[in-house]
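Undergrad: starting from these lines, generate the structure:
(one chain, ligands or ions: 1)
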Amino acid sequence: EKAEITKEQQAFMKVIVDSYNRHQIPQDVTKKLLQEQYSAEENFILLTEMATSQVQVLVEFTKNIPGFLSLDHEDQIALLKGSAVEAMFLRSAQVLSTKMPNGHTEVLEERIRNSGISEEFMTPMFNFYKSIGKLHMVQEEQALLTAVTILTPDRPFVKDHPAVERLQEPMLEVLRKLCALHHPREPQYFARLLGRLTELRTLNHYHTEMLTSWRMNDQKFTPLLCEIWDVQ
Ligand SMILES: CC(C)c1onc(-c2c(Cl)cccc2Cl)c1COc1ccc2c(ccn2Cc2cccc(C(=O)O)c2)c1
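TA: Residues are numbered from 1 along each chain as shown. The predicted structure follows:
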């Protein structure tokens with residue numbers, strides 16, 4: 001029947017979920033969350049370190065997405081640059097609403113709230129975190145939604161749209177079946193999940209402004225972040 005996840009879809013999903021679970025921010029980075037003192041300066045430095053580590057994790061995860069490495073190389077870069085912020089909002093939302101060992105979540109939220117980000121970006125950011133939390137996504141859904149976000153064909157500078165669509169489509173199909181399987185009493189769950197991707201795009205714009213205001217205060221980023229975000 002249409003809703004059944006086929007054997008090859010199972011195998012396909014396993015590759016993505018295993019890679020998603022394997023690539024985590026190292027403990028030595030996250031344990032600093034509890035150690036370092038609280039100041040906007042120190043919080044910014046910690047968050048910069050986490051963002052840098054998160055981008056490295058993201059690149060490794062993306063390389064394991066079936067078919068990604070056979071895309072045009074410039075398109076691979078365009079997809080990574082175009083989706084990095086969204087994937088990190090997704091990841092931070094998933095982490096803040098579930099998986100952190102207790103104490104980390106509150107501390108992390110505290111540090112984000114006091115890192116020089118202006119109030120006007122706080123509200124949409126934490127609304128997004130809340131809306132992701134309410135979905136109670138299972139790990140497979142988190143992994144596939146992240147892969148679907150990365151393989152969004154209409155990112156700036158992507159040349160071969162159809163090639164990216166051909167990779168994203170099977171992922172959307174598996175995600176749709178997963179939603180039906182894990183949320184049988186919520187037929188609209190898959191649609192709600194995709195609605196979050198639209199919300200993510202608006203966060204991109206806020207993030208660009210966040211970067212500008214940080215740079216106005218002469219805040220420094222790492223070379224990797226400068227490269228992926230085209231700053232400095
Ligand atoms: C440069 C820095 C100040 C910055 O600029 N914009 C954002 C920024 C912000 Cl402030 C919010 C959302 C997205 C970005 Cl890029 C940030 C901080 O970025 C991050 C990146 C990842 C984050 C966080 C918070 C949580 N996570 C995910 C996380 C934390 C701990 C463990 C794991 C894991 O995988 O095991 C993952 C912040």
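Undergrad: which bits of the protein sit near the ligand?
TA: Applying C-beta under 6 Å from any ligand atom, we find that the chain lies next to the ligand at 24-25, 30, 44, 47-48, 50-51, 54, 85, 88-89, 91-92, 95, 108, 112, 221, 225. To be clear about C-beta, it is placed using only N, CA and C from the backbone, and glycine gets the same treatment.
Undergrad: now, of those residues, which are buried?
TA: 25, 30, 44, 47-48, 50-51, 54, 85, 88-89, 91-92, 95, 108, 112, 221, 225 (16 or more other C-beta atoms under 10 Å).
Undergrad: so which of these belong to helices?
TA: 30, 44, 47-48, 50-51, 54, 85, 88-89, 91-92, 108, 112, 225 (DSSP state H).
Undergrad: quick one: least confident helix or strand in this structure?
TA: helix 27-30 (a mean of 78; mean pLDDT, DSSP states H and E).
Undergrad: counting by contacts, list what that helix packs against.
TA: Where contact means 3 or more C-beta pairs under 8 Å, 6 or more residues apart in numbering; DSSP states H and E, helix 27-30 is packed against helix 40-63.
Undergrad: again, only using 10 Å
TA: helix 40-63, helix 104-113 (3 or more C-beta pairs under 10 Å, 6 or more residues apart in numbering; DSSP states H and E).
Undergrad: please, where are all the helices along the chain?
TA: So, for the chain - with DSSP H - the helices run 7-22, 27-30, 32-35, 40-63, 73-94, 104-113, 119-135, 139-150, 161-182, 189-216, 223-228.
Undergrad: quick one: which of the helices and strands packed on helix 27-30 is nearest residue 196?
TA: helix 40-63 (17.7 Å; C-beta to C-beta).
Undergrad: residue ranges with poor pLDDT in the protein?
TA: 1-2, 99-102 (pLDDT under 70).
Undergrad: need the contact list for the residue minimising distance to the centre of the chain.
TA: By C-alpha atoms, centre = their mean, the chain has its centre lying nearest to residue 87, at 1.9 Å. By C-beta atoms under 10 Å, 6 or more residues apart in numbering, the contact set of residue 87 is 54-55, 57-58, 61-62, 80, 145-147, 149-150, 200.
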